[in-house]
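[1] Got a predicted structure here, sequence first:
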Amino acid sequence: MRKWWPLAAICLGTFMLLLDVTIVVVALPAMAADFGTTLSDLEWVVDVYALALASLLLGVGSRADRIGRRKVYLVGLIVFTGASVVCALAPNAGVLIGARAVQGLGAAGMFGTTIALLGMHYGGRDRGVAFAVWGATNSVAAAAGPMVGGLLTQYLDWRWIFFVNVPVCLAAVVMTLRSVREAKGRGGQRADVLGVITFTVASGALTFGLIRAHSESWAAPFTLGLFGTAAVALALFVVVETRHEHPVLDLSLFRRPSFTGIMISALFLQGAAFAYLLFESLWMQSVLGYEPVQAGLYILPMCAAAFVVSALAGRFGPWPPRAAIGGGLALIALGSGMQATLGAGSSGSSLAAGLVVAGLGVGLVTPSLSAAALATVPPERAGMVGGAVNTFRQLGFALGIAVFGVIFQARIERVLKADGGVPDPHGTAAALSGGQARSIIAAFPEGERAHMAQLVREAFASGLNAVLVVAAALGAVASLIVVATVRVPTGGAERRKPDAGASPGGQETRADAAL
């Protein structure tokens, strides 16, 4: 059993960092009430964490290859733990959002090294089992976040969703020190600092621009400036990466169809499977009046389904990557589409069947995605590629929330305009999207409140349906791309020799070209 201690240490840290991606979803109304602000103002509590995690993963993975993956993982755990304490003690929303950004920095140190550490400690069938367990941990953590957050928020206080990180992460530190070996990839290379900076600016400006677009206007000068900044930073990132001797992301890898297909599926996975949970939680709590635990319970079936499939992957796998990833994304698309049938009279139970199907897809994709990514590169580049996969996943989540927010509010506004009884459809739609449904209804004369309550339910259901349809489309498109591009053989990562994939001077070998 001692051989599985490294897996346990890595999975423990991974569980906590991914739990914190979605654990705040059902706690946002309580946070808003505590700080006297709106849910719209607290959208950054969710997004800044995912964005910091996504933006820094590339640099962390590449840097860990040089200075030591175990060392970076441990530092990430310690930073994550300290930032969790600050989040729990935050006196206002600004401090909370800032601490969440630091928490994302620590999470990047952890997440950016997990795939490489697993690949180093396990081989053969053990590697398949390890990635299946790690994949199950990924799936369960992301899906269980709303449930755990609901329990802690309702029966203790929202601050406990951060306090709970402390003992678990300290246990992970001890386990890592005792069981995980140190490993380095390429050494003595100049860090690609400019690449990390330009990527961070590009992803941050794009996400912020999308959030500002739906809270203000697409044509507002500041919004346009953010999009322009994102475009310039992205162009600079491409230039830097093509000229740097050791880039954080080797863009030449995108010449390989399999690598490109895996990265696209990673980007679309989180958006299609998890980004809409924020809006479902908002609907259940602010419109249907559910308590946090009740809202979390309705999302629990996704967690259970993801865990079962990931566990079966470890027992009966490995499965062919193209079939597992493509089929899983198709199930996610189907599950999202099944939920897009909401009406004014719908309840949380209307989501159950679709969430189960989506959970099956998540459990199928997650472990296969990571193993397939490792199969496309030699071991000494595992840190970079592991960071790239997880970067695209978390960036997909952050962008998904921002894009879905635009779609959600626009559809609500359209329904309000069609009714004609709302004086300010745009402002009302923004307030409803910010979780102020009850105060909006209460502001109308008593004789009009019943009609307004019905209109709010119709508008929310329509907005959520639109978000779910887009999520389904993302999953379907990603599934087709994977089927068309991914050609990684089952167990392909094991067939790569330590020196395969990169000849002196960085030239591709025939083994690389085949991928």
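    Received, thanks. Numbering: from 1, shown residues only.
[2] Near residue 487, how many residues? Count them for me, please.
    Counted with other CB atoms under 10 Å, residues neighbouring residue 487 total 15. Backbone N, C-alpha and C define where each C-beta goes, glycine included.
[3] likewise residue 291?
    15.
[4] ok, now how distant is it from residue 155?
    10 Å (CB to CB, to the nearest Å).
[5] do residue 451 as well
    Using CB to CB, residue 451 is found at 36 Å from residue 155.
[6] and what of residue 236?
    Residue 236 is 49 Å from residue 155, by CB to CB.
[7] Then residue 140?
    21 Å.
[8] So between these two, which is more surrounded?
    Shown here are residue 140 and residue 155; by other CB under 10 Å, residue 140 has more neighbours (24 against 11).
[9] residues in contact with residue 462?
    Contacts for residue 462 were tallied using CB atoms under 8 Å, 6 or more residues apart in numbering; they are 411-412, 414-415.
[10] Would you format those as CSV with distance to residue 228 included?
    Written out in CSV, the entries for the contacts of residue 462 read as follows (distance: CB to CB, whole Å):
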residue, distance to residue 228
411, 27
412, 28
414, 28
415, 32
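[11] From those, keep the buried residues only.
    Taking 16 or more other CB atoms under 10 Å as the criterion, what is buried in the contacts of residue 462 is 411-412, 415.
[12] With distance to residue 302 as new columns, can the residues you listed be given to me in a markdown table?
    As requested, those are exported to a markdown table (distance: CB to CB, whole Å):
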| residue | distance to residue 302 |
| --- | --- |
| 411 | 23 |
| 412 | 24 |
| 415 | 27 |
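[13] Next step: the residues you listed restricted to helices.
    For the buried ones among the contacts of residue 462, the ones inside helices are 411-412, 415, with DSSP state H as the criterion.
[14] Relative to residue 96, which of those is nearest.
    Nearest to residue 96 out of these is residue 412 (CB to CB; 26.5 Å).
[15] Look up how far residue 419 lies from that closest one.
    Taken as CB to CB, the span from residue 412 to residue 419 is 11 Å.
[16] Ok, residue 197 next?
    Taking CB to CB as the criterion, residue 197 is separated from residue 419 by 48 Å.
[17] ditto for residue 163
    Distance of residue 163 to residue 419, given as CB to CB: 44 Å.
[18] Count the neighbours of the closest residue to residue 137 other than its chain neighbours for me.
    Once flanking residues are discounted, residue 137 sits nearest to residue 11: 4.4 Å by CB to CB, 6 or more residues apart in numbering. For residue 11, the neighbour count with other CB under 10 Å is 23.
[19] you'd agree residue 11 is up against residue 132?
    No - using CB atoms under 8 Å, residue 11 is not in contact with residue 132, being 11.1 Å away.
[20] Which secondary structure state does the residue lying farthest from the centre of the chain sit in?
    Among the C-alpha atoms of the chain, the one most distant from their mean position (CA atoms, centre = their mean) is that of residue 447, at 43.8 Å. With DSSP: H, G, I helix; E, B strand; the rest coil as the basis, residue 447 sits in helix.
[21] Same check on residue 422?
    Going by three-state DSSP, the secondary structure assigned to residue 422 is coil.
[22] Could you find the closest non-adjacent residue to residue 302?
    In space, and not counting its chain neighbours, residue 302 is closest to residue 359: 3.7 Å by CB to CB, 6+ apart.
[23] secondary structure element for the one you found?
    helix 352-374 (DSSP states H and E).
[24] do residue 295 as well
    Going by DSSP H and E, residue 295 is in helix 292-316.
[25] now the angle between helix 352-374 and that helix, please.
    Computed by axes from the mean of the first three to the mean of the last three CA atoms, to 10 degrees, the angle separating helix 292-316 from helix 352-374 equals 50 degrees.
[26] In the following helix or strand past helix 292-316, which residues are buried?
    Using DSSP H and E, the helix or strand that follows helix 292-316 in sequence is helix 321-339. Using 16+ other CB under 10 Å as the test for burial, helix 321-339 gives 321-322, 324-339.
[27] Likewise for stretch 224-244?
    By neighbour count on 16+ other CB under 10 Å, the buried set for stretch 224-244 is 226-227, 229-230, 233-234, 236-237, 240-241, 244.
[28] and that stretch, what's its mean pLDDT?
    Averaging pLDDT along stretch 224-244 gives 88.
[29] Likewise for stretch 452-467?
    Mean predicted lDDT for stretch 452-467 stands at 89.
[30] before we move on, what about stretch 301-317?
    Averaged across stretch 301-317, pLDDT comes to 73.
[31] and for that stretch, what are the contacting residues?
    Residues contacting stretch 301-317 (CB under 8 Å, 6+ apart): 128-129, 131-133, 135-136, 138-140, 143-144, 147, 319, 324, 352, 355-360, 362-364, 366-368.
[32] Please produce a PyMOL select command covering the buried subset of these.
    The PyMOL command for the buried members of the contacts of stretch 301-317 (criterion: 16+ other CB under 10 Å) is given here:
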select buried, resi 128+129+131+132+133+135+136+138+139+140+143+144+147+319+324+352+355+356+357+358+359+360+362+363+364+366+367+368
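[33] still on that earlier bit, out of the contacts of residue 462, which is nearest to residue 282?
    Nearest to residue 282 among these is residue 412, at 11.1 Å by CB to CB.
[34] which residues touch that closest one?
    Contacts of residue 412 (CB under 8 Å, 6+ apart): 429, 432-433, 459-460, 462-463.
[35] mind running it again at 7 Å?
    With contact taken as CB atoms under 7 Å, 6 or more residues apart in numbering, residue 412 is in contact with 429, 432-433, 459-460, 463.
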